[in-house]
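Peer 1: Dropping the sequence and predicted coords here.
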Amino acid sequence: MEESISKVIRQRRSIRKFTDQIPGDKEIEQILEAARWAPSGQNNQPWKFMIIQDTKTREGLAQFTSYKRIVRGAPISIVVCLDTVISYNRDKDLMAIGAAIENMLLCVYSLGLGACWLGEIINRKEKVSQYIDLAGDLEIMAVVVIGYPAENPDDVARRPLKELLIEPPRSKLRGI
């Protein structure tokens with residue numbers, strides 16, 4: 001892995017407090033381009049994005065999550081959706097959307113911005129969909145809030161890699 005990518009992956013943090021400075025259209029386009037280039041099964045690209053910038057709509061969106069303060073404080077919210085019309089395998093498409101979101105987060109960090117992936121809002125996705133007048137064939141997967149960071153979170157601990165590895169079932173593999 002290239003050192004610069006490894007550094008970005010290790011240093012990126014979820015940002016929950018933002019300044020009043022608003023990222024420009026160029027930055028938002030770069031972030032969405034990064035999402036667009038995520039891998040997806042059969043290259044179906046099952047994602048759609050809604051950019052919410054106006055204060056009134058963001059305030060309304062904040063009412064649907066316990067993370068109201070984060071949504072209110074971020075100048076940009078991007079609603080990430082699954083396009084059910086082109087979805088061919090829900091499990092694979094959900095993984096692809098996760099990859100698109102991760103690409104967004106890494107791009108955000110590389111641009112000197114901050115972001116937080118909010119998944120809890122999907123607990124009320126039907127009400128959110130009604131509020132933002134989302135087409136019936138789009139299903140909300142997450143909201144990513146973006147802005148200039150007003151905090152510098154501490155490094156976080158990760159479990160040792162050894163704890164994450166699973167031994168293969170040796171006895172079963174011999175019989176193949």
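Peer 2: Yep, it's here.
Peer 1: what's the helix or strand for residue 93?
Peer 2: For residue 93, the host element (DSSP states H and E) is helix 90-110.
Peer 1: other SSEs contacting that helix?
Peer 2: On a contact count with 3 or more CB pairs under 8 Å, 6 or more residues apart in numbering; DSSP states H and E, helix 90-110 meets helix 3-11, helix 25-36, strand 47-52, strand 76-83, strand 114-118, strand 138-147. Placement of C-beta: from N, CA and C, glycine included.
Peer 1: Now do the contacts for the most centrally placed residue in the chain.
Peer 2: In the chain, the centroid-proximal residue (CA atoms, centre = their mean) is residue 101; its distance is 3.3 Å. Going by CB atoms under 8 Å, 6 or more residues apart in numbering, residue 101 touches 35, 80, 117, 141, 142, 144.
Peer 1: Could you do residue 45 as well?
Peer 2: Each residue near residue 45 by CB under 8 Å, 6+ apart is listed here: 36, 86, 96.
Peer 1: Could you rank those residues by neighbour count and give me the top one?
Peer 2: Within those, most neighbours by other CB atoms under 10 Å means residue 96, with 23 neighbours.
Peer 1: these two touch, right, that residue and residue 42?
Peer 2: No: using CB atoms under 8 Å, residue 96 is not in contact with residue 42, being 9.8 Å away.
Peer 1: low-confidence ranges in this protein?
Peer 2: 1-3, 171-176 (pLDDT under 70).
Peer 1: re the thing from before, which of the contacts of residue 45 lies closest to residue 106?
Peer 2: residue 36 (13.6 Å; CB to CB).
Peer 1: Surely the closest one is in contact with residue 100?
Peer 2: Yes: the criterion here is CB under 8 Å, and residue 36 meets it with residue 100 at 7.5 Å.
Peer 1: What are the neighbouring residues in contact with the residue lying closest to residue 49 once chain neighbours are set aside?
Peer 2: Closest residue to residue 49 apart from its sequence neighbours, by CB to CB, 6 or more residues apart in numbering: residue 78 at 5.5 Å. For residue 78, the contact set (CB under 8 Å, 6+ apart) comprises 31, 32, 49, 50, 51, 52, 104, 143, 144, 145, 146.
Peer 1: hmm, try it at 7 Å
Peer 2: Contacts for residue 78 (CB atoms under 7 Å, 6 or more residues apart in numbering) come out as 49, 50, 51, 143, 144, 146.
Peer 1: Off-centre distance for stretch 69-87?
Peer 2: Put simply, stretch 69-87 sits 8 Å off its chain's centre (CA atoms, centre = their mean, to the nearest Å).
Peer 1: Show me what counts as buried in that stretch.
Peer 2: Neighbour counts over stretch 69-87 (16 or more other CB atoms under 10 Å) mark 70-83, 87 as buried.
Peer 1: Thanks a lot, catch you later.
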